[in-house]
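Student: Sequence and predicted structure, then a few things I'm wondering about:
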Amino acid sequence: EQIEKGGFEHFMLKEIYEQPDAISDTYRGRMLPDKGIIRMAGVDDNIERISNARRILIVACGTSWHAGLVAEYIFEDFARIPVEVEYASEFRYRNPVISENDVVIAISQSGETADTMAAIKLAKEKGAFVFGVCNVVGSSISRETHAGAYTHAGPEIGVASTKAFTTQITVLTLMALKLAKHKGTISTSDFQFYLQEMERIPEKVKLALNSDEHIQKVADIYKEATNCLYLGRGYNFPVALEGALKLKEISYIHAEGYPAAEMKHGPIALIDEQMPVVVIATKKGHYEKVVSNIQEIKSRKGKIIAVVTDGDIEVRELADHIIEVPETIESLTPLLTTIPLQLLSYHIAVMLGKNVDQPRNLAKSVTVE
Ligand code: G6P
């Protein structure tokens, strides 16, 4: 097992560090910036069916559901197809309205999650076209769906999902860009630019990983916290949910993710000098609005840990701690902002002596209801 961990103390840490390679493995061979095309067999073979979808329904559980939420922003933004994201467990039991014009995207790392599988079967019965995004090749879900795309993240052993999440976002971004190009909802120059920017992501993830030691110090300060709030807006709202989930899963600290602007409808009541608030405040996407949310937290004496774009000045002055990530286009920021949140939960859990790779009560793949 020590050899499998490749010198890392835990599988989770190894998998966090594998993300630059995992992301490039996911887009390699699919993205051809020189030719200005994206090749994805499962999409190419069904391009009319998918691009003419009346709507896209995404079904998933856990971290994969968070990737689905990011995809909702990407598909609507680029391909202008209405998207709904559902917990597979709710979808399967609520007599959903599905028609033959709907496309269902099922996201699952393991490809074995029972609720997601049941949702797929239901969608198929109702005549929808079902597309799978799985990591495990040959898994039950990859076989049950009409078509699909693998994430090529490699085996993920740590129960808390890390590289599966970023590679799911990578695949779904490629798919949305491809549909957008086919539908003509994106300009050729933007399409080209996004592809080039995607190619820079692995290097930028490496840069984000360079903050590891600094994050360890932040973790040391907040490891005794009993609650933690995570806030983000737009593309980074799902990242806030995912950051909170990571902390809960492995450190057993209660954490909640919220859209930053919703804070005033509840969570703000919890903020006092004991409360760490992790805010994603990258330069792109509602930056000024997030800055004013940070001011609201500060005036209530909350402790602010902000994930910001390299070189940020405004938030630096307000926050107790800042963690920098490189700049990129807004839709790709989740691939970078997720990294420090994974590391923060990892270090807190290790410092608390928790079993990081196999947290209590959780399973890597939930094959029963
Ligand atoms: C379990 C795992 C999570 C995972 C979720 C969905 O809860 O612990 O890490 O996100 O199942 O799994 P899937 O394999 O369908 O992505």
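Tutor: Yes, it's here. Residues are numbered from 1 along each chain as shown.
Student: quick one: the strands in the stretch 101-250 of the chain?
Tutor: Along the stretch 101-250 of the chain, counting by DSSP state E, counting those that start in this stretch, strands occupy 102-108, 129-134, 147-150, 227-232.
Student: Ser99 belongs to a helix, doesn't it?
Tutor: No - checked against DSSP: H, G, I helix; E, B strand; the rest coil, Ser99 lies outside a helix; its state is coil.
Student: switch to numbering from 389
Tutor: I'll keep to 389 as the first residue from here, and by that count the last item is Ser487.
Student: Just the pLDDT at it, thanks.
Tutor: Per-residue pLDDT puts Ser487 at 92.
Student: any idea which element the most centrally placed residue in the chain lies in?
Tutor: When the chain is reduced to its mean C-alpha position, the nearest residue by CA atoms, centre = their mean turns out to be Ala455, at 4.1 Å. Assigning secondary structure by DSSP states H and E places Ala455 in helix 450-462.
Student: helices or strands up against that helix?
Tutor: Secondary structure elements in contact with helix 450-462, counted by 3 or more CB pairs under 8 Å, 6 or more residues apart in numbering; DSSP states H and E, are strand 443-448, strand 471-475, strand 490-496, helix 551-571, helix 625-639. To be clear about C-beta, it is placed using only N, CA and C from the backbone, and glycine gets the same treatment.
Student: Now do the fourth one against helix 450-462, angle only.
Tutor: Just to be clear, that refers to helix 551-571. Orientation note: helix 551-571 sits at an angle of 30 degrees relative to helix 450-462 (axes from the mean of the first three to the mean of the last three CA atoms, to 10 degrees).
Student: Likewise for the first one?
Tutor: Counting by the same axes, to 10 degrees, strand 443-448 lies at 160 degrees to helix 450-462.
Student: what's the residue in the stretch 539-688 of the chain that the ligand sits nearest to in contact with, if anything?
Tutor: Shortest the stretch 539-688 of the chain-to-the ligand distance, computed as CB to the nearest ligand atom: residue-wise this is Ser549, at 3.7 Å. The neighbours of Ser549, taking CB atoms under 8 Å, 6 or more residues apart in numbering as the test, are Gly450, Thr451, Ser452, Gln497.
Student: For the last one, give its distance to Pro543.
Tutor: Gln497 sits 10 Å away from Pro543, going by CB to CB, to the nearest Å.
Student: out of the contacts of Ser549, who's near the ligand?
Tutor: Counting by CB under 6 Å from any ligand atom, the subset of those that neighbours the ligand consists of Gly450, Thr451, Ser452, Gln497.
Student: Counting neighbours, go ahead and name the busier of Gln497 and Pro543.
Tutor: Just comparing Gln497 and Pro543: by other CB atoms under 10 Å the higher neighbour count belongs to Gln497, 29 against 10.
Student: so that one touches Cys449, yeah?
Tutor: No - when contacts are counted by CB atoms under 8 Å, Gln497 is not listed as touching Cys449 (9.9 Å).
Student: Name whatever forms a beta bridge with the closest residue to Ala448 other than its chain neighbours.
Tutor: With CB to CB, 6 or more residues apart in numbering as the criterion, Ala448 has its nearest non-adjacent residue at 4.0 Å, and that residue is Ile495. Each beta-bridge partner of Ile495 is listed here, defined by DSSP bridges: Val521.
Student: so what's Ile495 up against?
Tutor: Going by CB under 8 Å, 6+ apart, Ile495 touches 446-448, 452-453, 455-456, 459, 504, 520-522, 556, 560.
Student: ok, residues contacting the helix holding Ala455?
Tutor: In this structure, residues lying in contact with helix 450-462 by CB under 8 Å, 6+ apart are 446-448, 471-473, 475-476, 493, 495-497, 501, 504, 521, 548-549, 552-553, 556-557, 560-561, 564, 622-623, 625-627, 629-630, 633, 719, 722.
Student: tell me the pLDDT at the residue of the stretch 539-688 of the chain closest to the ligand?
Tutor: If you check Ser549, the pLDDT there is 97.
Student: From Gln407, how far out is it?
Tutor: Applying CB to CB, one obtains 12 Å for the distance of Ser549 from Gln407.
Student: Same check on Val678?
Tutor: When distances are taken as CB to CB, Val678 and Gln407 turn out to be 24 Å apart.
Student: got it, and Val679?
Tutor: Distance from Val679 to Gln407, by CB to CB: 28 Å.
Student: how about the residues of the stretch 639-757 of the chain near the ligand?
Tutor: Contact residues of the stretch 639-757 of the chain with respect to the ligand, defined by CB under 6 Å from any ligand atom, are listed as Leu750, Lys752, Ser753, Val754.
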